[in-house]
Every structure is written in C-alpha cells, then in structure tokens.
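Colleague: sequence and predicted structure are below.
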Amino acid sequence: MDLLRGGRLGVAGVALLGLAACGEPFDVDFRGFGNGFDTSEAVRQATTQRPPPDDRGVISYPNYQVAVASRGDTVADVAARVGLQASQLASFNGIPQGVTLREGEVLVLPSRVAEPSPATGAVATGPIQPDGVDVAAVAGAAIDRSSGTSAPRATPQVQTGQEPVRHRVERGETAFSIARLYNVSVRSLADWNGLGADLAVREGQYLLIPVAAEPAPQAAVAAAPGTGSTAPEPPSAATPLPPPPVADTSDDEPEPDSPALSEERTEASDPGRFAMPVSGGIIRPFRAGSSSGIGISAEAGAAVRAAGDGRVLLITRPAQSESTGEELYRGDILVIGHGDNLLTVYSGIDGISVEKGDDVTRGQPIARVFAGAPPVLHFEVREGSVAVDPMPYLQ
C-alpha cells in the first residue's frame with residue numbers, strides 16, 4: 001500500500017513539474033484536478049497587444065487614462081512624471097507611495113492629465129478613439145462648406161482602437177478567476193497589466209481587460225457528396241408495397257366548422273420604430289458624450305438598409321486633405337429624416353445607391369458596409385441635433 005501511494009505521489013509530482021515547465025502559468029487553485037487535463041485555456045479568445053504609451057508612460061482613452069511604470073519606478077516617480085500628487089495616485093490604486101513597481105505595471109490615473117501628442121512621444125494626438133466617426137462634426141462641416149460659411153479645416157491625426165474594460169480587484173479574486181470571467185488568457189492579462197511571475201493581484205487594484213482581436217477568417221472545407229454518412233438500403237423494387245388500408249367513413253359524423261381564428265387572435269406587440277440597418281453584433285454601445293451611436297460588426301460589402309421610412313437629407317463623401325489627398329474619414333456618411341425631427345445616421349459605408357432628396361422605405365438597401373479594418377457600421381439616432389441611444393428605437 002505504501003509503495004502504491006508513493007508511486008501515485010511520484011506521478012503527481014512529475015505532472016506538476018511538467019505543467020510548471022509549460023509556457024502558460026499553472027492554475028494553483030487546482031480547479032478540475034483529477035478529472036482530466038484542463039483545456040479551457042485553449043479556447044480563450046485571442047487578444048490584441050496593449051497600445052504603446054508615450055514618453056511619460058501615459059495611455060489615454062476617452063473615459064480614463066493609465067500610466068505604465070518603467071523599471072525601478074515608485075508610485076511617486078510615476079506621479080511626478082505625469083504631474084499628479086503621489087498620495088492621490090497611490091490611494092486611487094490601493095498601493096503605498098514608496099513601493100517599487102514592476103516594469104510595465106499599470107496605474108489608473110485618478111484625473112486626466114495632458115493628452116498624449118507627438119510632443120510627448122505619442123504616435124497621434126489625443127485619446128485612443130473607437131473606430132466610429134463624429135458624424136455631427138463631419139456632417140456639420142460638410143453643410144458649412146456647401147453653404148460657404150466656413151473653410152474646411154484639417155483634422156488632427158488620432159489613434160483608433162477599442163477602450164478596454166477596467167476591472168477593480170475584489171477580495172478573494174485571482175488573476176485566474178478574472179481571466180476566466182472575461183474569457184481571456186492569464187498570459188494576456190499579465191502582459192497587459194505588468195503582473196509578476198507569481199501573477200499576484202491586490203485588493204483594490206485596477207486591471208485592464210485585454211481587447212479581443214478580430215478572429216481570422218476560416219476557409220470552409222467542402223465534403224465530397226456521400227462522404228461521412230451511410231445511406232440506408234432502399235426497399236426492393238421487385239416486391240411492391242401493400243396498398244394502404246381504406247378507412248370506413250359510412251358512420252362518420254360530419255366535421256364541425258373550423259373556428260374563425262383570425263377573429264380571436266390577440267394583437268402582436270408593436271415592433272421597434274426602426275429596423276436594424278445591417279445584420280451583425282453590436283461591438284460598441286452608445287455612450288453619451290463619448291460614442292454618439294452604436295457600432296455594428298458586419299461583413300465588408302454587406303447591404304445597409306434604411307432603418308425606417310423617410311427622405312435622404314445628406315450624403316457626405318470622405319474629406320480630402322489639400323496637401324496629401326489622404327482620406328481623413330473612413331467611408332461615406334448618409335443621413336435620413338423620418339419626420340418629427342427624427343434622424344438616422346449611417347457611416348462607415350460606401351456604394352451608396354440613393355441620392356439626396358430620395359424617399360426611402362424601411363428595409364430598402366441604401367449602401368454597402370465599407371471595407372475597413374475591421375468593417376463596422378456606425379449607426380446613430382438623433383432627436384434634432386441631439387444623439388440618443390438607438391437601442392430603444394430598435395427593440
């Protein structure tokens with residue numbers, strides 16, 4: 001018995017050593033141990049790399065900013081570099097001022113500092129913006145140009161990307177439980193946040209959840225006809241089937257009249273005021289003040305349809321820089337008026353098939369999804385000049 005027990009311990013030890021030698025860290029909570037190897041890490045969604053910070057270590061998003069620590073930095077060093085009080089920065093991130101940070105460790109800034117720009121070593125000016133377009137500014141500028149009220153102005157170069165979710169660590173959470181919560185790999189979570197080799201996290205610490213990468217297209221593999229299944233043997237043609245039995249209907253009672261179901265049906269609930277303009281998932285929600293519409297993921301070239309009956313009020317082509325001819329905006333912009341001071345706006349499109357002044361009907365194709373990287377339709381609902389959440393109109 002002792003020999004058998006010793007043999008089992010030896011096998012377990014070898015297995016642990018083997019897992020420790022793997023590139024992916026070992027989940028020390030032993031979840032699922034004894035029921036086979038855990039393959040959950042293999043199905044975690046692929047993620048992008050963390051954007052590079054500027055010379056101060058600052059990465060800026062529309063709703064928050066973070067600072068990335070350099071080797072040997074303390075909280076006070078980071079605070080001095082970005083122009084904040086060390087006590088405020090330390091308290092906000094739940095860490096003492098004098099603690100030496102890991103290289104690449106992320107601290108969330110309690111208040112905004114000067115935006116990154118080429119002067120601070122950034123690749124672009126301002127926060128990293130989602131792939132949508134500020135349609136109000138673009139359409140307004142187009143109207144001004146057509147009426148001769150203002151001259152076109154160049155738009156500063158901005159960096160585009162998706163804003164990651166911030167997760168504040170609660171008591172009892174681990175890097176593994178947080179990674180499972182958001183379906184990302186522990187390795188990616190560690191890389192984005194500069195976690196140490198032990199993957200330790202502290203209560204009150206902010207973690208950036210890695211942004212999902214666009215999945216690579218998979219080529220469909222066509223199976224040869226008849227492969228993969230066995231067809232049942234057909235009945236013999238030499239032996240005909242017996243005739244079906246004939247029912248005796250001499251004593252049958254007459255069938256009653258069918259009820260008039262059309263008169264008894266209940267009224268269906270009212271559909272949404274607008275229909276979805278394109279088939280796809282919503283990858284960017286409406287956020288008042290930062291995202292004036294929703295982003296709908298769709299295939300490049302997919303048909304974009306009018307969300308409701310109305311009239312085409314505006315079509316705007318991409319603005320051109322006078323010096324380089326470079327497009328300042330991706331895709332075209334189209335605005336439809338639906339009466340009652342209600343507008344829908346479509347951007348990230350091309351191949352527009354209607355003209356300004358045309359009357360359109362709900363579901364009518366009006367354009368195609370622009371072949372961006374990735375292709376996304378930006379859709380807005382506006383009550384006059386005010387952008388509102390489109391979802392109540394679509395549900």
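Modeller: Thanks, I have it.
Colleague: A76 belongs to a strand?
Modeller: No: counting by DSSP: H, G, I helix; E, B strand; the rest coil, A76 is not part of a strand but helix.
Colleague: nearest spatial neighbour of it, skipping sequence neighbours?
Modeller: For A76, ignoring the flanking residues on the chain, the nearest one in space by CB to CB, 6 or more residues apart in numbering is A86 at 4.1 Å. Where you see a C-beta, it was placed from the backbone N, CA and C, and this is true even at glycine.
Colleague: give me the number of residues near that neighbour?
Modeller: 16 (other CB atoms under 10 Å).
Colleague: for it, give its distance to A67.
Modeller: Using CB to CB, to the nearest Å, A86 is found at 12 Å from A67.
Colleague: what of R202?
Modeller: Taking CB to CB, one finds R202 at 17 Å from A67.
Colleague: who has more neighbours out of the two?
Modeller: Applying other CB under 10 Å to R202 and A67 shows that A67 carries more neighbours, namely 27 against 10.
Colleague: how about the helices in the stretch 51-200 of the chain?
Modeller: Ranges of helices within the stretch 51-200 of the chain are 75-82, 86-93, 135-147, 175-182, 186-193, based on DSSP state H, counting those that start in this stretch.
Colleague: mean pLDDT lowest for which of those?
Modeller: Across those, helix 135-147 has the smallest mean pLDDT, namely a mean of 49.
Colleague: so, low pLDDT: which residues of the protein?
Modeller: The chain contains residues with pLDDT under 70 at 1-45, 131-158, 214-272, 318-330, 395.
Colleague: now with 80, please.
Modeller: In the predicted model of the chain, residues 1-45, 129-161, 213-272, 288-291, 317-331, 372-373, 395 satisfy pLDDT under 80.
Colleague: please report the distance of A124 from E163.
Modeller: Taking CB to CB, one finds A124 at 15 Å from E163.
Colleague: equivalent analysis for I294, please.
Modeller: 15 Å.
Colleague: for those two, indicate the residue with more neighbours.
Modeller: Between I294 and E163, I294 has the larger neighbour count (other CB under 10 Å), namely 23 against 19.
Colleague: hmm, that one is touching F286, no?
Modeller: Yes: between I294 and F286 there is a contact at 5.4 Å, judged by CB atoms under 8 Å.
Colleague: shared neighbours of the two, which are they?
Modeller: 390-391 (CB atoms under 8 Å, 6 or more residues apart in numbering).
Colleague: can you give me the strands for the stretch 201-350 of the chain?
Modeller: All strands of the stretch 201-350 of the chain, identified by DSSP state E, counting those that start in this stretch, fall at 206-208, 282-284, 294-297, 303-305, 310-316, 332-337, 342-350.
Colleague: turn these into TSV, columns for distance to R187.
Modeller: Shown next, in TSV, are these (distance: least, CB to CB, whole Å):
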stretch	distance to R187
strand 206-208	14
strand 282-284	24
strand 294-297	26
strand 303-305	38
strand 310-316	44
strand 332-337	40
strand 342-350	33
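Colleague: coming back round to it: so the residue nearest to A76 makes contact with F92?
Modeller: No: counting by CB under 8 Å, A86 does not reach F92; the two are 10.9 Å apart.
Colleague: give me the number of residues near G281?
Modeller: 8.
Colleague: ugh, typo on my part, it should be N63
Modeller: 12.
Colleague: surely it touches E163?
Modeller: Yes: at 6.4 Å, N63 and E163 qualify as touching, with contact defined as CB under 8 Å.
Colleague: between the two, which contacts overlap?
Modeller: The contact lists of N63 and E163 share no entry, where a contact means CB under 8 Å, 6+ apart.
Colleague: need the contact list for the closest residue in space to T361 that isn't next to it in sequence.
Modeller: Excluding its sequence neighbours, the residue lying closest to T361 (CB to CB, 6+ apart) is D309, at 5.3 Å. With contact taken as CB under 8 Å, 6+ apart, D309 is in contact with 338, 359-362.
Colleague: cool, and A307?
Modeller: Contacts of A307 (CB under 8 Å, 6+ apart): 274-277, 336, 344, 362, 379, 393-394.
Colleague: would you list these in JSON lines and tack on distance to Q49?
Modeller: Shown next, in JSON lines, are the contacts of A307 (distance: CB to CB, whole Å):
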{"residue": "F274", "distance to Q49": "37"}
{"residue": "A275", "distance to Q49": "37"}
{"residue": "M276", "distance to Q49": "32"}
{"residue": "P277", "distance to Q49": "32"}
{"residue": "I336", "distance to Q49": "39"}
{"residue": "T344", "distance to Q49": "36"}
{"residue": "R362", "distance to Q49": "42"}
{"residue": "F379", "distance to Q49": "29"}
{"residue": "Y393", "distance to Q49": "37"}
{"residue": "L394", "distance to Q49": "34"}
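Colleague: ok, those vs R171, which is closest?
Modeller: Comparing these against R171 with CB to CB places L394 closest, at 39.3 Å.
Colleague: neighbours of the closest one, how many?
Modeller: 18.
Colleague: ok, V381 next?
Modeller: Applying other CB under 10 Å, I find that V381 has 26 neighbouring residues.
Colleague: beta partners for V304?
Modeller: A367 (DSSP bridges).
Colleague: mind checking how far it is from I333?
Modeller: From V304 to I333 the distance is 12 Å (CB to CB).
Colleague: between these two, what contacts are shared?
Modeller: 346, 349.
Colleague: list the contacts for the closest residue to P110 other than its chain neighbours?
Modeller: Spatially, and ignoring its direct neighbours in sequence, P110 is nearest to F92 (4.0 Å; CB to CB, 6+ apart). Contacts of F92 were listed using CB under 8 Å, 6+ apart, and they are 108-110.
Colleague: ok, V345 next?
Modeller: Contacts of V345 (CB under 8 Å, 6+ apart): 135, 139, 293, 333-336, 378-382.
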